[in-house]
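> give me coordinates for this.
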Amino acid sequence: MKNFILHCLIILNVFCGYSQKSELNSGGKKYEQYAYVDAIKTYERVADKGYKSEDLLKKLGNSYYFNSDFESAAKWYSELFVMNPSPESEYYYRYAQCLKSTGQLDKADKILNEFNTKYKNDSRVKLYSNNVDYLDKIKANSGRYKIENAGINSKYSDYGSFIYDNKIYFASARDTGNFSQRKHKWTGEYFTNIYDADINSQNDSLGRVNKIRSEINKRFHESSPVFTKDRNTVYFTRNNFLDGKKGKDVNKITLLKIYKASLENGKWTNITALPFTSDNYSTGHPALSPDEKTMYFAADMPGTIGQSDIYKVSINSDGSFGTPQNLGKEINTEGKETFPYVTSENEIYFASDGHPGLGGLDVFVGHIETDGIISGIENLGADVNSPKDDFAYIIDPVTRKGYFSSNKDGGLGSDDIYKFLETKRLKCTQELNGIITDAATGEILPGTKVTLYENQVIKNSTISGSDGYYNFIVECTKTYNVRAEKPEYATKEVSITIPQKTGKTDLPMALDKSVCKVAIGDDLGKCFGIKMIYFDLDKSNIRTEAALDLEKILDVLKQYPNMKLDIRSHTDSRASYQYNQVLSDRRAKSTIDWLIQNGVVKNRLTGRGYGETELLNDCFDNINCTEEQHQMNRRSEFIITGL
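The predicted structure follows:
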């Protein structure tokens, strides 16, 4: 953001309308000449002349903070704290961050100490400790599932499911074959192949099991297939065996590799091992990120922390692969971590015997942060997990339906596949969503970058769709900031606290144009959100806050010496007609006089009061209207009559 276009450094919530080209009263001719008003410069010049308000200082500080100009932001936040020593909590944090960024560490610590003292309940100043016994935590996470046998199990090992094209794919050792069929020495069972079964969309029951007739299934183990969305590629795990040749490590053991196959003329072909695999270590159980740009997998390659770790590797646009990266000690232990699965909610499910569990492999879930760190790891509870091995968990984040594998007691074979419905989420979550629009026109704004922050840390980011819509999955009771950014618009950030219940929270965001585009006939006041120049009751002298707004108008008139204005003052209908006319005339004249006294040539200004003659609604005499409706009619206008 440091190189963001200067004229886009605009203050939040400034109403910079993108007006339609007006027609001249005399001939209806549309004018093409526009003036572009850089509002941030106007605010700075106004502030430098001493016309400052808390709102103005916040806007100046925020505009620089959002664009990573921390030195300038610190200047305006400093003045904010002089004017108001106790602003909202957000400004303590931002000011401290700016001070740290500019090397003022002692001052930053002072601000943070004040922050801590005044906002003890703010999550950024709380220290969380996980000192609850893990068995109590597992118990608390239990009772959230409806689980049943998937209906495709045999007395042999069945495990590792994947859903694709309304079918379930899984590995099974059920094919005993003929007298030449071989058993795996480690398990005493026959080698596994990949099978599928149709899913009944009406009741989720599974149909007849079929063995995949393909070059994918060979003499040794095949398992854990994952298909790309375009249906042209499949990744799967197989013993190190290709083209009739068995690969072995230095100890003469055939390990596991991840393979890739391509679909051509309805057949899976071009089977190759992925380039980061090796004869000397195992890689297996691939999973793809929702955007299919990252593969997660298990391996015991050099650098592994334990028996097996979970890694990720980038998949480039040309189909090549990056360098595998270990996901780190946040998820990997000295034990075994395997069978990763990643959802569109940035959750990673995996099996581990190193994290505290009930015994054997348990299924856990963690959150993938934007920097790739895994946080918030929790045991799924005693519904899924057991004292035996529980693994290969997959879930649809929308329906909350899915499958996992286990050799828990009560199954048909050594490993069985179970289907489930998650009836209660592990954490109370909501869908935070909204539509991004133009504040002036209401026009939908697709392609807007929307970023979710928690404690100034990016939690997620997205681009609004063609309908302007965005959505995030968020946790209940937490406070988030949502920032919307789009070229030619002011960056806007809104803070929101999520209610304590599962559901949806709607947060629409209306963005202001970063540069006002005005033409003859437009109201210059709309550039700065000036709806009314306020006077004391029944008076026409310029108040301090009125002068602050008039300084903005004055600054623009100085930037554009050919600009002419017609200043119009309006009232509502609640006093007499004559009284409203006289009062509005006096106020229009006071506004003109103030501008002339501050250097504007008299012939550039015209104006008069219109009283109640140009109401914007039907709030005439003796009509019962709300205060908001009357307020619409009390307004000041600065109509451009020349450029």
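> helix, strand, or coil at V556?
Put simply, V556 is helix when judged by DSSP: H, G, I helix; E, B strand; the rest coil.
> switch to numbering from 587
Sure, I'll start counting at 587 from here, so that last one is V1142.
> next, I697: phi, psi?
Main-chain dihedrals, I697, degrees, to the nearest 10: phi -70, psi -40.
> shouldn't it be in contact with R680?
No: taking contacts as Cβ atoms under 8 Å, I697 lies outside contact range of R680: 9.8 Å. All C-beta spots, glycine's among them, are computed from the backbone N, C-alpha and C.
> could you measure from M881 over to I844?
Remark: distance between M881 and I844 (Cβ to Cβ, to the nearest Å) = 8 Å.
> what ranges does the stretch 637-786 of the chain have for its helices?
Remark: helices assigned in the stretch 637-786 of the chain by DSSP state H, counting those that start in this stretch are 640-651, 656-669, 675-687, 691-704, 720-726.
> closest to K1064 out of the ones you listed?
Checking those against K1064 by Cβ to Cβ gives helix 675-687 as the closest, at 14.4 Å.
> mind giving me the packing neighbours of that closest one?
helix 640-651, helix 656-669, helix 691-704 (3 or more Cβ pairs under 8 Å, 6 or more residues apart in numbering; DSSP states H and E).
> 7 Å - rerun?
Under the contact definition 3 or more Cβ pairs under 7 Å, 6 or more residues apart in numbering; DSSP states H and E, helix 675-687 sits against helix 656-669, helix 691-704.
> just name the most buried of these.
Highest mean neighbour count of the helices and strands packed on helix 675-687: helix 656-669, a mean of 19 (counted as mean count of other Cβ atoms under 10 Å).
> ok, T1091 - contacts?
Residues near T1091 by Cβ atoms under 7 Å, 6 or more residues apart in numbering: Q1016, L1018, I1082, I1084, P1085.
> got a pLDDT number for it?
pLDDT for T1091: 94.
> likewise R760?
With respect to pLDDT, R760 scores 85.
> low-confidence ranges in the stretch 1037-1186 of the chain?
By pLDDT under 70, the weakly predicted segments of the stretch 1037-1186 of the chain are 1120-1126.
> and the helices in it, which stretches?
With helices called from DSSP H, counting those that start in this stretch, the stretch 1037-1186 of the chain shows them at 1130-1145, 1163-1183.
> how far does stretch 824-832 sit from its chain's centre?
43 Å (Cα atoms, centre = their mean, to the nearest Å).
> that should have said stretch 892-905, apologies.
Stretch 892-905 has its C-alpha centroid displaced from the chain centroid by 24 Å (Cα atoms, centre = their mean).
> same deal with stretch 878-887?
Its chain's average C-alpha position is 24 Å from that of stretch 878-887, according to Cα atoms, centre = their mean.
> what's the span of that stretch, first residue to last?
The separation between the terminal residues of stretch 878-887, taken as Cα to Cα, to the nearest Å, is 23 Å.
> flag every buried residue along it.
With burial defined by 16 or more other Cβ atoms under 10 Å, the residues of stretch 878-887 counted as buried are T880, M881, Y882, F883, A884, A885, D886, M887.
> model confidence over the helix or strand hosting the fourth one, on average?
Under the criterion DSSP states H and E, the helix or strand holding F883 is strand 880-885. Rounded to a whole number, the mean pLDDT of strand 880-885 is 97.
> stretch 960-973 now?
Stretch 960-973 comes out at a mean pLDDT of 89.
> got the contact list for that stretch?
Identification of contacts with stretch 960-973 by Cβ under 7 Å, 6+ apart yields 723-724, 727-731, 733, 913, 916-917, 934, 941-946, 948-955, 976, 979, 990, 992, 994, 1012.
> dump the C-alpha coordinates for it into PDB.
The C-alpha trace of stretch 960-973 is given here as PDB (Å, rounded to 0.1, in the frame of the first residue of the first chain):
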ATOM      1  CA  ILE A 960      -1.500 -23.500  12.000                       C
ATOM      2  CA  SER A 961      -3.300 -22.200  15.100                       C
ATOM      3  CA  GLY A 962      -6.100 -23.300  17.500                       C
ATOM      4  CA  ILE A 963      -5.600 -27.000  17.200                       C
ATOM      5  CA  GLU A 964      -8.400 -29.000  18.900                       C
ATOM      6  CA  ASN A 965      -9.400 -32.600  19.300                       C
ATOM      7  CA  LEU A 966     -12.700 -33.300  17.600                       C
ATOM      8  CA  GLY A 967     -14.000 -35.200  20.600                       C
ATOM      9  CA  ALA A 968     -15.000 -38.700  21.500                       C
ATOM     10  CA  ASP A 969     -17.700 -39.100  18.800                       C
ATOM     11  CA  VAL A 970     -15.100 -39.400  16.100                       C
ATOM     12  CA  ASN A 971     -12.100 -40.400  18.200                       C
ATOM     13  CA  SER A 972     -11.600 -43.500  20.200                       C
ATOM     14  CA  PRO A 973      -8.800 -45.400  21.900                       C
END
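> ok now that stretch, how far from the chain's centre?
26 Å.
> give the buried residues for it.
So for stretch 960-973, counting by 16+ other Cβ under 10 Å, buried means I960, I963, E964, N965, L966, G967, A968, D969, V970, N971, S972.
> equivalent analysis for stretch 1193-1201, please.
For stretch 1193-1201, the neighbour count (16+ other Cβ under 10 Å) marks G1193, G1195, Y1196, G1197, E1198, L1201 as buried.
> note down every partner strand of the helix or strand that contains the first one and its orientation.
G1193 belongs to strand 1191-1197 when elements are defined using DSSP H and E. As defined by DSSP bridges, the strand partners of strand 1191-1197 come to strand 1150-1156 (parallel).
> what comes into contact with the partner strand?
Strand 1150-1156 has contacts (Cβ under 7 Å, 6+ apart) with 1110, 1170, 1173-1174, 1177-1178, 1190-1193, 1195-1196, 1200, 1219-1228.
> next, the angle from it to helix 1130-1145.
If you take axes from the mean of the first three to the mean of the last three Cα atoms, to 10 degrees, strand 1150-1156 sits at 160 degrees to helix 1130-1145.
> just to revisit the earlier point, possible to save the helices of the stretch 1037-1186 of the chain as TSV with mean neighbour count?
Shown next, in TSV, are those (neighbours: other Cβ atoms under 10 Å):
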stretch	mean neighbour count
helix 1130-1145	19
helix 1163-1183	18
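> and of those, who's closest to A757?
With Cβ to Cβ as the measure, helix 1130-1145 is the member of the helices of the stretch 1037-1186 of the chain nearest A757 (69.6 Å).
> and the angle from that closest one to helix 640-651?
Interaxial angle of helix 1130-1145 relative to helix 640-651 (the same axes, to 10 degrees): 50 degrees.
> restricting to C-alpha, output helix 1130-1145 in CSV.
C-alpha atoms of helix 1130-1145 as CSV (Å, rounded to 0.1, in the frame of the first residue of the first chain):
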residue,chain,number,x,y,z
THR,A,1130,-16.9,27.0,15.0
GLU,A,1131,-18.0,23.8,13.5
ALA,A,1132,-19.6,25.7,10.6
ALA,A,1133,-16.3,27.4,10.0
LEU,A,1134,-14.6,24.0,9.8
ASP,A,1135,-16.8,23.0,6.9
LEU,A,1136,-16.5,26.4,5.2
GLU,A,1137,-12.7,26.1,5.3
LYS,A,1138,-13.1,23.0,3.0
ILE,A,1139,-15.1,25.0,0.5
LEU,A,1140,-12.7,27.9,0.8
ASP,A,1141,-9.7,25.6,0.1
VAL,A,1142,-11.4,24.3,-3.1
LEU,A,1143,-12.2,27.8,-4.3
LYS,A,1144,-8.5,28.7,-3.9
GLN,A,1145,-7.5,25.6,-5.9
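> thanks a lot, see you next time.
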